[in-house]
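A.B. asks: Everything below, folded, please.
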Amino acid sequence: MLSIQKNKAWAFWPSGVCLTYGETFANQYIRPQYNFDIYLEFTMKGKVEEYASIFAILPKYICINWWSNEYALLDFNHNGQQLVEIGGHIVTGKRTHLVISNRVNEHFSIYINKEEVFKTDTFGDFEDPHMILGAPGFPSDHDNPTFAEYDLHQFMFYKDDKLISHHRFDRFIHHKSYDLTGNLNFIHQLGNKKEYEENGSTF
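C.D. replies: Numbers count the residues shown, from 1 in each chain. Presented below is the predicted three-dimensional model:
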């Protein structure tokens with residue numbers, strides 16, 4: 001299990017951390033021309049000051065925001081911003097199963113606990129997409145009240161129904177969660193802006 005803490009977000013961006021080593025970078029398939037499924041199993045913790053951003057897909061923005069009263073809102077940007085109420089599917093202290101699914105020329109859908117909560121025909125395309133877990137974007141050098149705190153129990157990524165990234169968060173290497181498929185599709189911890197500068201890193 002990965003305990004995501006406030007202002008300590010994580011990223012699914014393997015092409016950004018091991019470009020010279022891997023061959024199957026799953027994040028590069030988060031594009032409308034590929035069939036893929038992203039599976040997250042998580043449990044929200046406690047109350048939030050305003051709302052908490054569970055995940056964000058960048059740079060074409062797709063984000064789910066959650067309030068302590070168990071109200072959730074999808075922020076979907078493709079040819080303009082679209083805000084979609086998800087309702088009370090995500091409950092404090094209970095495991096949530098969330099699936100992001102894309103089928104080429106058919107649909108882009110989001111399911112929560114096996115119920116379809118959003119469906120459209122496609123989504124925005126951009127090279128080298130990536131996914132931030134626990135934040136609406138990259139951490140800054142100050143606390144962001146919309147950062148989420150939750151336990152991430154499992155993460156899986158399927159391309160054409162083939163599992164190419166799997167995390168149960170039992171093993172970590174240099175602040176990276178080990179990919180059980182062996183494809184080097186790491187999930188890595190993000191620091192704040194000051195830490196980036198001190199480490200000489202760009203992200």
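A.B. asks: Can you report phi and psi for the closest residue to residue 25 other than its chain neighbours?
C.D. replies: Counting by Cβ to Cβ, 6 or more residues apart in numbering, residue 25 lies nearest to residue 15, which is 4.0 Å off, once chain neighbours are set aside. (Glycine included, C-beta is placed from N, CA and C.) Reported as degrees, to the nearest 10, the phi and psi values for residue 15 are phi -70, psi -20.
A.B. asks: any idea how far residue 15 lies from residue 129?
C.D. replies: 9 Å (Cβ to Cβ, to the nearest Å).
A.B. asks: hmm, back to that, got the contact list for the residue nearest to residue 25?
C.D. replies: Each residue near residue 15 by Cβ atoms under 8 Å, 6 or more residues apart in numbering is listed here: 22, 25, 27, 28, 128, 130.
A.B. asks: now do residue 150
C.D. replies: Taking Cβ under 8 Å, 6+ apart as the test, what residue 150 contacts is 4, 42, 43, 44, 45, 52, 54, 134.
A.B. asks: before we move on, what about residue 137?
C.D. replies: 56, 58.
A.B. asks: now it, what's its secondary structure?
C.D. replies: coil (DSSP: H, G, I helix; E, B strand; the rest coil).
A.B. asks: where does this protein dip in pLDDT?
C.D. replies: Low-confidence segments of the chain (pLDDT under 70): 18-23, 140-145, 191-203.
A.B. asks: At which residues are the helices of it located?
C.D. replies: Here the chain has its helices, by DSSP state H, at 14-17, 193-199.
A.B. asks: picking that back up, and the gap between the residue nearest to residue 25 and residue 183?
C.D. replies: Taking Cβ to Cβ, one finds residue 15 at 12 Å from residue 183.
A.B. asks: between the contacts of residue 15, which is closest to residue 100?
C.D. replies: Lowest distance from residue 100 to the contacts of residue 15 (Cβ to Cβ) belongs to residue 27, with 12.5 Å.
A.B. asks: Identify the residue spatially nearest to residue 59, adjacent ones excluded.
C.D. replies: Nearest to residue 59 is residue 126, by Cβ to Cβ, 6+ apart, at 5.1 Å.
A.B. asks: Residue 62 is in contact with that neighbour, correct?
C.D. replies: No - using Cβ atoms under 8 Å, residue 126 is not in contact with residue 62, being 11.2 Å away.
A.B. asks: who's more crowded, the two?
C.D. replies: residue 62 (23 against 12; other Cβ atoms under 10 Å).
A.B. asks: Tell me how far the closest residue to the more buried one other than its chain neighbours lies from residue 129.
C.D. replies: Excluding its sequence neighbours, the residue lying closest to residue 62 (Cβ to Cβ, 6+ apart) is residue 76, at 5.5 Å. Per Cβ to Cβ, residue 76 is found 14 Å from residue 129.
A.B. asks: cool, and residue 119?
C.D. replies: Distance from residue 119 to residue 129, counting by Cβ to Cβ: 20 Å.
A.B. asks: Residue 72: which of the contacts of residue 15 is nearest?
C.D. replies: Nearest to residue 72 among the contacts of residue 15, with distances taken as Cβ to Cβ, is residue 130, at 21.9 Å.
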